[in-house]
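*Asks:* 3D, please:
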Amino acid sequence: MITLSFDRFSGSPKELFEQVRKGTLAAGDLPILALTDQALAQVQALGLTERSELLPILAELVLFKLRAFARRPQMVLVEESEEAATDAPAFLETLMALEEAIAFLEQRSRERARVLAVPPSPLPRDRRLRPMPLYMLVRAVEPFARRAELRMEPETFGLREAWERIRGFLWGLGRAWFSRLPLRSWYEQTVAFAALLEAKKQGDVELIQEHNFGALEVELKTRS
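*Replies:* Here you go, the predicted structure:
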């Protein structure tokens, strides 16, 4: 979307045109050269339809500006005349570029009006291929499919093994932190904790924890 801005306005060309047409902005205050440069710098990103809508609006703004100057009295200061003479060639070049762009878009619009959208022709069908039911296709692919097999490792560290290891460790100490028990992995710690709960229920150990989520201390009660 094109955005035009100067000290009294910021918005789209259509909004600027409406404000000038209604008299909200004075046509004589429009910096036509700067606005045209802004529009031409952004016009490349627009599609053909948006360009066709933009350029007539810019042409109308130029006309508004010219009409506003035509109604003014012929009183021009020396400094203003020199500035106008300096900006005149650049302004005329901009108008010529604008006219060429409008002519180009009108020509493209006329050319595209004679172009009809035609769907692409279908590809020739291979008669050697016969329609195949889905179940036959699945059956044909099955010999080439890789079969997934789930292999479960035999359990080598259960509750009994965990309790024997804990009891052997606490036999000479009597009391130790759970984190100090000889457990190598998270799996062994999980099984050992379950074994301690069972031993607690049997009265073989005492579990001590001063506060919630704190360190757990294990005390061996029986040494038999």
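*Asks:* buried set for the helix or strand hosting Ala195?
*Replies:* Per DSSP states H and E: Ala195 is located in helix 186-202. By 16 or more other C-beta atoms under 10 Å, the buried positions in helix 186-202 come out as 188, 191-193, 195-196, 199. Using the backbone N, CA and C atoms, a C-beta is placed for each residue, glycine as well.
*Asks:* measure Arg67 to Phe193 for me?
*Replies:* Distance of Arg67 to Phe193, computed by C-beta to C-beta, to the nearest Å: 91 Å.
*Asks:* cool, and Ala26?
*Replies:* 84 Å.
*Asks:* repeat for Pro31
*Replies:* 79 Å.
*Asks:* quick one on the thing from earlier: who are the packing partners of the helix holding Ala195?
*Replies:* helix 159-173, strand 205-208 (3 or more C-beta pairs under 8 Å, 6 or more residues apart in numbering; DSSP states H and E).
*Asks:* Beyond the first one, next helix or strand please.
*Replies:* Pointing back at helix 159-173 there. Taking DSSP H and E, what comes next after helix 159-173 is strand 175-177.
*Asks:* Just list what that next one packs against, helices and strands only.
*Replies:* Against strand 175-177 (3+ C-beta pairs under 8 Å, 6+ apart) you get strand 217-220.
*Asks:* how about the helices in this protein?
*Replies:* Shown for the chain, the helices assigned by DSSP state H span residues 13-22, 32-42, 48-70, 78-113, 134-141, 159-173, 186-202.
*Asks:* ok, and the closest non-adjacent residue to Ile57?
*Replies:* Excluding the flanking residues, the one nearest Ile57 by C-beta to C-beta, 6 or more residues apart in numbering is Pro13, at 4.5 Å.
*Asks:* check contacts around that neighbour.
*Replies:* 2, 4, 39, 54, 57-58, 61 (C-beta atoms under 8 Å, 6 or more residues apart in numbering).
*Asks:* Now with 10 Å, please.
*Replies:* 1-4, 35, 38-39, 53-58, 60-61 (C-beta atoms under 10 Å, 6 or more residues apart in numbering).
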